[in-house]
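Enquirer: give me the fold of what follows.
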Amino acid sequence: MRENRLRAIWKSGGAVINGWLGIPNSFSAETMAHQGWDSLVIDLQHGVIDYSGMVPMLQAISTTNTVPIVRVPWLEPGILMKALDAGAYAVICPMVNSREDAEKLVAYTHYAPQGTRSFGPIRALLYGGADYPKHANETIVTFAMIETKKALDNLDDILSTPGLDAIYIGPSDLSLALGCAPVFDDVDPPVVEAIDHILARAKAHGIVAGIHNGTPEAALKRIAKGFQFVTIASDARLMAAGAQGVMAKMRAAQTPKASGSY
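Expert: Predicted coordinates for the structure are as follows:
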């Protein structure tokens, strides 16, 4: 079976540099994948992508060594299984709030006897290889998102769930849950404390910790703290930022020079 580079990077003690895809287009996904990201997340939760848009994006990412990941809309077995069957090598599930939620997530993403994933890896066989069914359970990576007050209250129960590989912090939702402004990087003190606590408990349980960031500077600081999966921006934000930079230079150059008057 094809190696999951997420696991290889983590085993070496490194951090995965992850990009984010919200534009439902295979060419933009292919373009992003060719820029050297370790992994790319196709966002089915908050992006404008549906299942039929996701599949060609997975195919486009497969033209590179970038690891294809899907964030599903919710903890629902059908979409988790379909994302994996389509060739996702990791899944991120939002709003995992309890041990029961985490156990369901592990069950839905693993074949029996470890879980209850139904067998039908239609495209996963093409991407992962003919021996996919034999090695999928130990190759696929399962992330649970920690982003609510309830999840914080149940944190150790979630992190001790057998088969859970990693957690992913959504700073904006976590901020809202703690009564703060929803931002990625310059979070308020209560959120800083919560993020540090989640990271420390994840390390104690041997679970990889990931987090969403708005800038490379923030991501590098969080890697220095011990995060091993950092997302930096999205295709839409990067496109907008690049266009804004071009237009700012063009408009500045076209501004008429003020002339002296008497």
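
Enquirer: might you list the low-confidence residue ranges for the stretch 151-262 of the chain?
Expert: Within the stretch 151-262 of the chain, the ranges that satisfy pLDDT under 70 run 257-262.

Enquirer: contacts only, for residue 124.
Expert: Under the criterion of Cβ atoms under 8 Å, 6 or more residues apart in numbering, the contact partners of residue 124 comprise 84-87, 132, 136. All C-beta spots, glycine's among them, are computed from the backbone N, C-alpha and C.

Enquirer: what's the spacing between it and residue 19?
Expert: Going from residue 124 to residue 19 by Cβ to Cβ, to the nearest Å gives 22 Å.

Enquirer: likewise residue 113?
Expert: Distance, residue 113 to residue 19, by Cβ to Cβ: 35 Å.

Enquirer: so these two - more neighbours on which side?
Expert: When neighbours are counted by other Cβ atoms under 10 Å, residue 113 and residue 19 differ, and residue 19 comes out ahead with 22 against 7.

Enquirer: for the more buried one, report the pLDDT, please.
Expert: The confidence metric pLDDT takes the value 98 at residue 19.

Enquirer: which residue is the nearest non-sequential neighbour of it?
Expert: Using Cβ to Cβ, 6 or more residues apart in numbering and skipping the chain neighbours, the partner closest in space to residue 19 is residue 37 (4.2 Å).

Enquirer: about what we covered before: neighbour-wise, which one of the contacts of residue 124 leads?
Expert: If you count neighbours using other Cβ under 10 Å, the busiest of the contacts of residue 124 is residue 84, which has 28 neighbours.

Enquirer: which SS class is residue 41?
Expert: The assignment at residue 41 comes out as strand when based on DSSP: H, G, I helix; E, B strand; the rest coil.

Enquirer: skipping adjacent residues, who's closest to it in space?
Expert: In space, residue 41 comes closest to residue 69 once its chain neighbours are excluded; the distance is 4.5 Å by Cβ to Cβ, 6+ apart.

Enquirer: just checking, what packs against the helix or strand harbouring the one you found?
Expert: Of the helices and strands defined by DSSP states H and E, residue 69 is found in strand 67-71. Counting contacts by 3 or more Cβ pairs under 8 Å, 6 or more residues apart in numbering; DSSP states H and E, strand 67-71 is packed against strand 39-43, helix 51-61, strand 90-93.
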